[in-house]
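Undergrad: what follows is a protein structure lacking sequence information:
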């Protein structure tokens, strides 16, 4: 038996699209009502999280409806889809009447099976808000009984990330154009308060952490696109490091660490996977992934999940093909706008279709569809490679459950003809060698209801085992 065992379940064939709410693990985005003004909508990427035990999955919709109550006030409504992984059922619901809700949703996470926390940023008010969301699964009702706001002044170009520990969260706001950083600490549960005797994280980061990182080597900086993570029971906050020349993860696997109690800063070195050399690619054409092609997740557990895709390095055959395609695309664009014109019925369509085809070919060459997924053990700082997923990086959302035993991957697929988006879920069970597989399986089965035991046993017979 290897270091990890994977318990994978995925439908052999995705069910056909349907509008009924009984289709297992399949969701469809609804069409916006045309009677409402488009100005009342704010569109953003979906957010996905799971309950700590992994029974429920929560998908925050891509569209927010805003109803104006005054010149500066809105009441916002969000769509929330809830998936029950035990029974393969899902239902749609909405979160109503959110006051002073910002246009940017930083994150949302689950405290337990019926409690969510939604974090949004309102730039016009310079506040970041934690909203406590209570879910009644039997009555299928949602309430937002409590909100807590914190001051956070940013620019329109800022990128905000939220690190989730066991009891503390850290909000990192980076303004790369001005080389400014802001870092605030907030309680994970909005009703609680932070521990006493914590440092000023923004001052410590700018005066101690960044100089210590730059003193270790040249041309490196904090990877502001990647979410930080906590270690040692929320005592230390860690940051991934990027190479400023290549915009990739640091090839020496440096991790900048800051103690939020004493203010001590240091640089640690992580170790790659001994077999696959993850997070290195292992190929000749490419080495480390570009930071923009990475996504990290941690939910107060001992592991950090990394999903990454790898681009070819300069001088490779793909790079040469990329230059040829880009030159041809630019030439066709110049001819189209200068001589032909977009309104031309015959030649205009030919040029537009040709340019679209070249862009798709370039995407296939330069952006591989395979995504590598691995985890970082924050106790030993050892990387472990898990699997390679053939999916579009921008259409998949991978997350770890709070019990550190399951990885859930949400896939999205847009149907051009039906003008709808279909979702399906890949559910993985992560088990360490130190755990007895039989005892683990029996404990999981006994904790579930009797009417679902037969279904779970049927699935376990169809699961494929990955040995590392």
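TA: Received, thanks. These numbers come from a predicted model, not from an experiment. Numbers count the residues shown, from 1 in each chain.

Undergrad: need phi/psi at residue 74.
TA: Backbone geometry at residue 74, expressed as degrees, to the nearest 10, gives phi -130, psi 150.

Undergrad: where's it relative to residue 100, distance?
TA: Taking CB to CB, to the nearest Å as the measure, residue 74 and residue 100 are separated by 8 Å. Quick note: C-beta positions are derived from backbone N, CA and C, even for glycine.

Undergrad: is residue 423 in contact with residue 59, as I believe?
TA: Yes. Between residue 423 and residue 59 a contact is recorded at 7.1 Å, counting by CB atoms under 8 Å.

Undergrad: let me know the outermost residue of the protein.
TA: residue 339 (44.2 Å; CA atoms, centre = their mean).

Undergrad: OK, contacts around the nearest residue to residue 245 once chain neighbours are set aside?
TA: What sits nearest to residue 245 in space, not counting adjacent residues and going by CB to CB, 6 or more residues apart in numbering, is residue 219, at 5.2 Å. Counting by CB atoms under 8 Å, 6 or more residues apart in numbering, residue 219 touches 243, 244, 245.

Undergrad: for residue 158, state which of those residues is nearest.
TA: residue 244 (19.0 Å; CB to CB).

Undergrad: which pLDDT value does the model give that closest one?
TA: In this model, residue 244 is scored at 85, pLDDT.

Undergrad: per-residue pLDDT, the closest residue to it other than its chain neighbours?
TA: Nearest residue to residue 244, sequence neighbours excluded (CB to CB, 6+ apart): residue 219, at 4.6 Å. Residue 219 carries a pLDDT value of 83.

Undergrad: residue 219 and residue 335, how far apart?
TA: In terms of CB to CB, residue 219 sits 40 Å off from residue 335.

Undergrad: and stretch 327-337, what's buried?
TA: Neighbour-count burial for stretch 327-337, counted by 16 or more other CB atoms under 10 Å, picks out 329, 332, 336.

Undergrad: doesn't the last one lie inside a helix?
TA: Yes. With DSSP: H, G, I helix; E, B strand; the rest coil as the criterion, residue 336 is assigned to a helix.

Undergrad: quick check, it in contact with residue 352.
TA: Yes. Assessed by CB under 8 Å, residue 336 is found in contact with residue 352 at 7.3 Å.

Undergrad: what segments of the protein are helices?
TA: Using DSSP state H, the helices assigned to the chain run over residues 201-204, 210-216, 317-335, 346-366, 437-446, 450-462.

Undergrad: least reliable of those helices going by mean pLDDT?
TA: Sorting the helices of the chain by mean pLDDT places helix 450-462 lowest, at a mean of 44.

Undergrad: shared neighbours of residue 74 and residue 100, which are they?
TA: By CB under 8 Å, 6+ apart, no residue touches both residue 74 and residue 100.

Undergrad: in strands, which of the contacts of residue 219 appear?
TA: Counted as lying in strands by DSSP state E, out of those, are residue 243.

Undergrad: type out the ChimeraX command that picks the buried ones from the contacts of residue 219.
TA: Typed into ChimeraX, the line below selects the buried ones among the contacts of residue 219, using 16+ other CB under 10 Å:
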select :243
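
Undergrad: residue 396 bridge partners, please.
TA: Taking DSSP bridges as the rule, residue 396 bridges to residue 411.

Undergrad: can you tell me which residues contact it?
TA: 307, 371, 389, 409, 410, 411, 412.

Undergrad: distance of it relative to residue 390?
TA: As judged by CB to CB, residue 396 and residue 390 stand 10 Å apart.

Undergrad: kindly report the same for residue 137.
TA: 34 Å.

Undergrad: who has more neighbours out of the two?
TA: It is residue 137, of residue 137 and residue 390, that has more neighbours when counted by other CB atoms under 10 Å, with 13 against 8.

Undergrad: who's in contact with residue 300?
TA: Counted by CB under 8 Å, 6+ apart, residue 300 has contacts 164, 165, 166, 167, 188, 230, 402.

Undergrad: ChimeraX command to pick out the buried ones of those?
TA: Here is the ChimeraX command that selects the buried residues among those (16+ other CB under 10 Å):
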select :164,165,188,230,402
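
Undergrad: okay, the contacts of residue 300 in CSV with pLDDT and distance to residue 173 next?
TA: Below are the contacts of residue 300 laid out as CSV (pLDDT from 0 to 100; distance: CB to CB, whole Å):
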residue, pLDDT, distance to residue 173
164, 91, 16
165, 89, 18
166, 88, 23
167, 89, 21
188, 91, 18
230, 91, 18
402, 79, 25
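
Undergrad: closest one of the contacts of residue 300 to residue 264?
TA: residue 230 (15.3 Å).

Undergrad: my guess is that closest one meets residue 166, correct?
TA: Yes. Using CB under 8 Å, residue 230 is in contact with residue 166, at 7.3 Å.

Undergrad: which residues do residue 396 and residue 390 both contact?
TA: Counting by CB under 8 Å, 6+ apart, the residues touching both residue 396 and residue 390 are residue 371.

Undergrad: what's the closest non-adjacent residue to residue 170?
TA: residue 163 is the one closest to residue 170 (CB to CB, 6+ apart), at 4.2 Å.
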